[in-house]
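Enquirer: predicted model follows, preceded by the sequence.
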Amino acid sequence: MDLSFAGAVLDLCVSDLSRAEEFYAILVGRAPDLRPQPDQCEWRLHREPEVAFRLTKDQGSAGHGKLSLGVADLAAERSRLLAHWADLPAAVEKPGVIALLHLRDPDANAVTLWQDLLGSRRA
């Protein structure tokens, strides 16, 4: 029997929760939705099935994580983020397949925004 998927939580560890929260509030476009523990904050990215993204303060594990978030329009997201981060790198693209924007958070966790370009060819 297959796993009956009902949701997912994406976790990243950070050394300074306030500093990381500022970065991710810009990235996500809003403040966190929840504070499950004093050393955590969490964004609900999708309701059904639930997908959440959580930051946890953990000095020893900070900077070793990877987060990849799919977006509907990478060019629009990059334009929005340029208002906050003038040194934002250019997106890279495999034409007709995927577009990627690679970032590092304040702890050097790898963060990627990606857009699926295959979907437009499947329609």
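Expert: It's in. Residues are numbered from 1 along each chain as shown.
Enquirer: contacts, neighbours, all on C-alpha from now
Expert: OK.
Enquirer: give me the mean pLDDT for stretch 34-54.
Expert: Stretch 34-54 shows a mean pLDDT of 95.
Enquirer: lowest-scoring secondary structure element of this structure by mean pLDDT?
Expert: Of all the helices and strands that make up the chain, helix 119-122 has the lowest average by mean pLDDT, DSSP states H and E, namely a mean of 58.
Enquirer: which residues of the chain fall in strands?
Expert: For the chain, the strands defined by DSSP state E cover 7-14, 40-46, 50-57, 66-70, 92-94, 98-104, 110-116.
Enquirer: show me what contacts the one residue sitting closest to the centre of the chain?
Expert: For the chain, residue 69 is the residue whose C-alpha lies nearest the centre (Cα atoms, centre = their mean; 4.7 Å). Under the criterion of Cα atoms under 8 Å, 6 or more residues apart in numbering, the contact partners of residue 69 comprise 112-114.
Enquirer: which of those residues count as buried?
Expert: Buried subset of these (neighbour count, 16 or more other Cα atoms under 10 Å): 112-114.
Enquirer: how about a markdown table for those residues, with pLDDT and distance to residue 34 added?
Expert: A markdown table is the format used below for the buried ones among the contacts of residue 69 (pLDDT from 0 to 100; distance: Cα to Cα, whole Å):
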| residue | pLDDT | distance to residue 34 |
| --- | --- | --- |
| 112 | 97 | 23 |
| 113 | 97 | 22 |
| 114 | 97 | 25 |
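Enquirer: lovely, talk soon.
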